[in-house]
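# Give me coordinates for this.
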Amino acid sequence: MDQKRLFLAIAVSLAILLGFQMLVAPHLPKPPPRQIAQTEQPATATPAEGSPAAGVPPAPAAESANEPRVKIDAPKVEGSIDLLGAKLDDVVLKDYHEEISPESPLVRVLEPRSTAHPYYIQYGWTGGAGETVKLPGNDTIWTASSNTLAPGKPVTLSWDNGAGLTFQIGLTIDDNYMFAVDQTVKNATGKPVKLFPWSRIRRDNMVQVSSYYVLFEGLLGVVDGTLKETTYASAKSEGDKKGGIAYEATSTGGWAGITDKYWLTSLIPDQALASKLNFRHIEDHGDHYQVDYVATAPLTAPANGDVTTVSHVFAGAKVVNLLDHYESQLHIPNFDKAVDFGWFYFLTKPIFFALDWLNGLLGNFGLAIMVFTVCVKGLFFPLANYSYRSMSKMKLLAPKMTALRARLKDDPQKMQQEMMALYKAEKVNPASGCLPMVVQIPVFFSLYKVIYVTIEMRQAPFFGWIHDLSQVDPTNVFNLFGLLPFDPTVYSPLLHMGLWPLIMGFTMFLQQMMNPPPPDPMQAKLFKFMPIIFTFMMAKFPAGLIIYWSWNNTLSVLQQWLIQRRTRLAKPSLART
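Numbers count the residues shown, from 1 in each chain. Sure, this is the predicted structure:
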């Protein structure tokens, strides 16, 4: 049984070590990605021919910063729309700063092509088979019905092709991050015209992702109710094999876009219109990424009539409750999955709602985490109680086990039989000590997801020196917590050890001291190093997770102490040899 216990401990340790590789290693410094210089020429799309998607035009050429624009002024968004090519390419979020300081720049989601990091959304049309109509393009200058787009103040962009067709893009914005887009064609030619409406999100710069394993960043969407995710690396490798198209699918409804850790741009087509979705990578003086929709069947503008298709576009922060609201209001399937809740979605999202609700009551996410920890301890109390009772008995049995090993050291088989009989007589399960840790691993990883990926936890303060629970503890013992004027992480990223990780390591040490030591001296020595190993492993985890683990350990120590005290009083004979 001791061997089984050792193997179980090793399995748990391996799980933690694998967790380190997946959760910590990706956060170690990486060389900065190559950015496209402003002097480089932008990429041009290379759509596959023989399909409606072939009509999606190439990206516009480099532009100046002095083009005519329509101002965007909403409660949570400011920016502008470029009238050259009708591009939504300037969106700034009023409620979010790049850093904690309110003097730091506001977060910019979309950027014009005149900048170093072009990122924009565009709508247009392509002609059906045999159509020779003049269509708006990247060099088209549109006319706006108003100078400002605001809630309750829509703007219509218009362009007359001079041959009987007028193209219009109607735009509205709500109080948050959702734009409604109406694409209309007015036909005064006297004969019907068939056109394919399309939309695209274009990102013309190399992107540095936050991590690869624990957080998804890249091209994503929901197709036929199923979430499809394509990383930038996969989009590049697959696109290079397939003429630039990394992924394609045809469906009715759904959504697709490009996601960062906290920000999302998403096309939401007419949910009743069948469309073809493409994820593209184009390599031309760098890496360029595009998500586009195009109708699979042409829309017909009747003679002396018009035709309209209605869609939406989201450009903003991935606030969970807001995504849920849009999912319900606009019938967008699985829109909340833009937040990377991971494989434990069924557990991670309820944990988020619990923490968010507690934060509403307590006004502090750190306190919410601590109260949540108490609730989790209460949930697992029966299992932990059984485990700690068994461990307490194991600790009291240690003298008898030592004597038994000494007496039967030359007969391992009989020694094992005697040990099993002793465990059975005293109702002790040697493997039970690992159970509380094993059952809490899904909770641990789900909580990590909540703290790391939800924007609600971004820049959420605790007390004292913790100003952002989603980031590592900023203090460092290796420079005496700031008394020495140098940054040890310059020499190695491992030379970062904050105060909270030290507190966590101390609580792990206390908990280990209360557990029965392994009978094998070598095992005992290895186990003594576990708190040190875990402290260094978790030093780069978000402070919120370290606070959770420290508080959880403290509660466990208290619970274990009470159980051990009761066990000694109830079973004094166990300590006798």
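
# and stretch 373-393, how far from the chain's centre?
In terms of C-alpha atoms, centre = their mean, to the nearest Å, the centre of stretch 373-393 is found 32 Å from the chain centre.

# so which strand or helix has V133?
Assessed by DSSP states H and E, V133 sits outside every helix and strand.

# tally of neighbours for it?
Burial of V133, expressed as a neighbour count using other C-beta atoms under 10 Å, amounts to 19. (C-beta placed from N, C-alpha, C; glycine too.)

# Isn't it up against G162?
No: the pair formed by V133 and G162 falls short of the contact definition of C-beta atoms under 8 Å, at 10.8 Å.

# Please spell out which residue in this structure sits farthest from the middle.
Relative to the centre of the chain, the most outlying C-alpha is that of R407, 57.3 Å out, by C-alpha atoms, centre = their mean.

# so what pLDDT did it get?
R407 is assigned a pLDDT of 81 by the prediction.

# A9 now?
At A9 the predicted local confidence, pLDDT, stands at 47.

# Please apply the same query to T231.
Predicted confidence (pLDDT) for T231: 93.

# And for V12?
pLDDT, V12: 52.

# Provide a list of residues in contact with the residue lying closest to D224 once chain neighbours are set aside.
Across the structure, with C-beta to C-beta, 6 or more residues apart in numbering as the measure, the residue nearest D224 apart from its sequence neighbours is S251 (4.9 Å). S251 makes contacts with 223-224, 274-275, 277, as judged by C-beta atoms under 8 Å, 6 or more residues apart in numbering.

# Give me the buried entries from those.
With neighbours counted using 16 or more other C-beta atoms under 10 Å, these contain these buried positions: 223, 275, 277.

# Is the second one bridged to anything, and to what?
Right, S275. In this structure, S275 bridges to S251, A295 when assessed by DSSP bridges.

# Looking at it now. What's its pLDDT?
The per-residue pLDDT reported for S275 equals 95.

# Same question for P485.
For P485, the model assigns a pLDDT of 86.

# same thing with L6?
In the predicted model, L6 carries a pLDDT score of 40.

# swap in L135?
95.

# what kind of secondary structure is L383 in?
Per DSSP: H, G, I helix; E, B strand; the rest coil, the local secondary structure of L383 is helix.

# That one: neighbour count?
For L383, the neighbour count with other C-beta under 10 Å is 15.

# quick one on the thing from earlier: adding distance to T296, write the buried ones among the contacts of S251 out as TSV.
Compiled in TSV, these are given as follows (distance: C-beta to C-beta, whole Å):
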residue	distance to T296
V223	13
S275	6
L277	10
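
# how near is the residue farthest from the centre of the chain to L422?
Distance, R407 to L422, using C-beta to C-beta, to the nearest Å: 12 Å.

# on that earlier part again, between the contacts of S251, which sits nearest D204?
Taking C-beta to C-beta as the measure, L277 is the one of these closest to D204, at 19.8 Å.

# packing partners for the helix or strand containing the closest one?
Assessed by DSSP H and E, L277 sits inside strand 274-283. Under the contact criterion of 3 or more C-beta pairs under 8 Å, 6 or more residues apart in numbering; DSSP states H and E, the helices and strands touching strand 274-283 comprise strand 218-223, helix 232-241, strand 245-252, strand 287-295.

# List every C-alpha atom in the second one, with coordinates, as PDB.
The C-alpha atoms that make up helix 232-241 are tabulated as PDB, following Å, rounded to 0.1, in the frame of the first residue of the first chain:
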ATOM      1  CA  TYR A 232      -2.200  32.000 -36.000                       C
ATOM      2  CA  ALA A 233       0.500  29.300 -36.400                       C
ATOM      3  CA  SER A 234      -2.100  26.800 -37.700                       C
ATOM      4  CA  ALA A 235      -3.600  29.400 -40.000                       C
ATOM      5  CA  LYS A 236      -0.200  30.100 -41.500                       C
ATOM      6  CA  SER A 237       0.800  26.400 -41.900                       C
ATOM      7  CA  GLU A 238      -2.600  25.300 -43.300                       C
ATOM      8  CA  GLY A 239      -3.000  28.400 -45.400                       C
ATOM      9  CA  ASP A 240       0.400  27.900 -47.000                       C
ATOM     10  CA  LYS A 241      -0.800  24.400 -48.100                       C
END
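
# Give me the buried positions along it.
With burial defined by 16+ other C-beta under 10 Å, the residues of helix 232-241 counted as buried are 232, 234-236, 238-239.

# coming back round to it: could you check how far the residue nearest to D224 is from A295?
With the distance defined as C-beta to C-beta, S251 ends up 12 Å from A295.

# Overlap in contacts, the two.
Common neighbours of S251 and A295, using C-beta under 8 Å, 6+ apart, are 274-275.

# quick one: terminal-to-terminal distance for stretch 129-149?
Here the two ends of stretch 129-149 are set 36 Å apart, with distance taken as C-alpha to C-alpha, to the nearest Å.

# buried ones in that stretch?
Within stretch 129-149, judged by 16+ other C-beta under 10 Å, the buried ones are 133, 135-136, 138, 140, 142, 144, 149.

# Contacts for it next, please.
57-61, 68, 70-74, 81, 83-86, 124-127, 153-159, 161-163, 165, 167, 169, 171-173, 193-195.

# Can you give the distance of it from its chain's centre?
Distance of stretch 129-149 from its chain centroid, counting by C-alpha atoms, centre = their mean, is 37 Å.

# Equivalent analysis for stretch 215-229, please.
Relative to the centre of its chain, stretch 215-229 is centred 12 Å away, using C-alpha atoms, centre = their mean.

# Could you identify the helix or strand that succeeds whichever helix or strand P399 is part of?
P399 belongs to helix 381-407 when elements are defined using DSSP H and E. Helices and strands here follow DSSP H and E; after helix 381-407, the next one along the chain is helix 412-426.

# and the angle from that following helix to helix 381-407?
Interaxial angle of helix 412-426 relative to helix 381-407 (axes from the mean of the first three to the mean of the last three C-alpha atoms, to 10 degrees): 140 degrees.

# Same question for helix 412-426: list its buried residues.
Across helix 412-426, burial judged by 16+ other C-beta under 10 Å covers 415, 418-419, 423, 426.
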